[in-house]
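S.K.: Okay, sequence plus prediction incoming.
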Amino acid sequence: METDLTRVAVLDEPELEFGQGGRHVDLRTGLTLHGPLADPNATAEELGPLRISVIGTGQTIADATTWLQKMARDGAPAKPSRLSNLFMPFPGTGRDSGFRREFQFDGAMGEIMQRNLLLPEKATREQLLSTIDEIGAVAQQVCDRRRAEVVVVALPAEYLNAISDEHHPRFRGIVKARLMTVCRAPIQLLLPTTYNAGRAAKQKKRPHLIKQLQDEATRAWNIFTALYYKAGGTPWRVPRRTSDYTSCAIGISFFESEDGSAMHSSMAQIFDERGVGSVVRGAEAVVEKSDRRPYLRAEDAHSLLEDALKSYLRMHRTMPARVTIHKSSEFRPSEIEGFRQAALDNRVQMLEMIWIGNTGIRLFREGKYPPLRGTVWRLDDDRLLFYTRGSVQFFQTYPGMYVPNPLLVRIQQAERPDDEILREILALTKMNWNNTQFDNRSPITLKASRSVGDVLKHLPPGAPVAHEYRYYM
């Protein structure tokens, strides 16, 4: 099929807003030049250092704390490369650099877990859960006694290697779910390869766990940005014009219950482009035999959006003028009916429903690099092919390892022109605080809702649910 080039366009890379109103397209450059968004109610001196406790075994605590303190104090040089915008030095932390805050690391709880954190070579699920409960008990002590704002869990390689192939994909979600019920602080899992690059060559038992290591400065950027956000900071946001309507973006996805008996919906909501995430656990989804794709009944779609709007109202004391819902599957008539009625009942004036999925269609660009990030090709009146991963002009290269796949965007109901909607999707791909290389494929709405589902599936019905996204990432 020959491509009609008149239907192809490339959107500019969206800027983000950092401290002191500074703007930049790049996350690391923006933080280096301007610092993170400032808390309008306090100075850095008044806020004090971020209190972060590291738990693990005696050895992992010593190694992890040493590396974290070194990165905070000295930073890390850039990887030698002609791609200086892609590989930036990490400037460290403190009031005059990076995050403009001090990070205080405390590793005093290590010996407790050194006695209890044991797994046999082939651990059963019960044994795995038992050791996770041991981790939770130590995390709870840290939260209660030391008022930690984030708890870093530094697990030894031997422990990770003992987790069977069956349980390993679920391990992160299980840890987050079980610790959520006992620890008031968010959890950051820290792998041995993050703070000790030499561990990568030693983990021969499970080669599929060994990824090509990022350079040290990039690892530090990613870890410290995640810690800053989980401690309650806002590193950056999507800028708002004074003429913009108040709005919130919502992502909806589905997850299977732990025993596989039911499908549920999860929702992550991003308030007014600031990245303040709110989480809602939705009702059980409908799955028909003839079409295995889950969807919501009208009354459940209504309840899900109404819960989201109530959460928005608690934070802002008003309703948004516009709500944009992102979903990774087609909006069914029952869902459209329920969402529209919820918007009407809560006096939301503008409602948008955007289906963001996958496609096997690809575009090819002359030369050796894939299409530019931001490339869009209109397939028909309501379907667009959109590259959120691709060659990045600011990086002067394609920073990925594999051929990028575009998103298929179908605008099922909208209040704005298509290009505005696509620019918002592109900006929301830059709101993932686990990754400071800004070319994420999915907008944070869908990325967050999937992360939420990966955790919620391991919580029993009726268990307390944290309502802030920082507990799930």
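M.R.: Ah, there it is.
S.K.: which residues of the stretch 51-200 of the chain fall in helices?
M.R.: For the stretch 51-200 of the chain, the helices defined by DSSP state H, counting those that start in this stretch occupy 58-74, 110-116, 125-146, 157-162, 168-180, 192-195.
S.K.: Most tightly packed of the ones you listed?
M.R.: Among the helices of the stretch 51-200 of the chain, the stretch with the highest mean neighbour count (mean count of other CB atoms under 10 Å) is helix 192-195, at a mean of 22. For glycine as for every other residue, the C-beta is placed from the backbone atoms N, C-alpha and C.
S.K.: quick one: least confident helix or strand in the protein?
M.R.: When the helices and strands of the chain are scored by mean pLDDT, DSSP states H and E, helix 110-116 comes last with a mean of 56.
S.K.: Quick check on Tyr228: phi, psi?
M.R.: Per-residue torsions, Tyr228: phi -60, psi -40 (degrees, to the nearest 10).
S.K.: For it, give its distance to Ile421.
M.R.: 30 Å (CB to CB, to the nearest Å).
S.K.: The two: who's more crowded?
M.R.: Per other CB atoms under 10 Å, whichever of Tyr228 and Ile421 has more neighbours is Tyr228, with 24 against 19.
S.K.: Quick check, that one in contact with Leu37.
M.R.: No - using CB atoms under 8 Å, Tyr228 is not in contact with Leu37; the gap is 10.5 Å.
S.K.: Reformat the helices of the stretch 51-200 of the chain into JSON lines and put distance to Leu27 next to each item.
M.R.: Listed next are the helices of the stretch 51-200 of the chain as JSON lines, based on distance: least, CB to CB, whole Å:
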{"stretch": "helix 58-74", "distance to Leu27": "17"}
{"stretch": "helix 110-116", "distance to Leu27": "32"}
{"stretch": "helix 125-146", "distance to Leu27": "29"}
{"stretch": "helix 157-162", "distance to Leu27": "29"}
{"stretch": "helix 168-180", "distance to Leu27": "23"}
{"stretch": "helix 192-195", "distance to Leu27": "19"}
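S.K.: and the ones you listed, which one's lowest on average pLDDT?
M.R.: The stretch with the lowest average pLDDT out of the helices of the stretch 51-200 of the chain is helix 110-116, scoring a mean of 56.
S.K.: Arg237 is nearest to which of the helices of the stretch 51-200 of the chain?
M.R.: helix 58-74 (23.9 Å; CB to CB).
S.K.: same for that closest one, what does it pack against?
M.R.: strand 50-56, strand 103-106, helix 110-116, strand 150-154, helix 192-195, helix 216-230 (3 or more CB pairs under 8 Å, 6 or more residues apart in numbering; DSSP states H and E).
S.K.: what's the closest of those to Asn432?
M.R.: Using CB to CB, the helices and strands packed on helix 58-74 put helix 216-230 closest to Asn432, at 9.6 Å.
S.K.: hang on, the earlier thing: columns distance to Val276 on top of the helices and strands packed on helix 58-74, output as JSON lines?
M.R.: Below are these laid out as JSON lines (distance: least, CB to CB, whole Å):
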{"stretch": "strand 50-56", "distance to Val276": "18"}
{"stretch": "strand 103-106", "distance to Val276": "21"}
{"stretch": "helix 110-116", "distance to Val276": "33"}
{"stretch": "strand 150-154", "distance to Val276": "17"}
{"stretch": "helix 192-195", "distance to Val276": "27"}
{"stretch": "helix 216-230", "distance to Val276": "10"}
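S.K.: Out of those, name the one with the poorest average pLDDT.
M.R.: Mean pLDDT, when computed for each of the helices and strands packed on helix 58-74, is lowest for helix 110-116, at a mean of 56.
S.K.: Buried residues of the helix or strand hosting Ala343, list them for me.
M.R.: Using DSSP states H and E, Ala343 maps to helix 333-345. For helix 333-345, a neighbour-count test (16 or more other CB atoms under 10 Å) marks 334-343 as buried.
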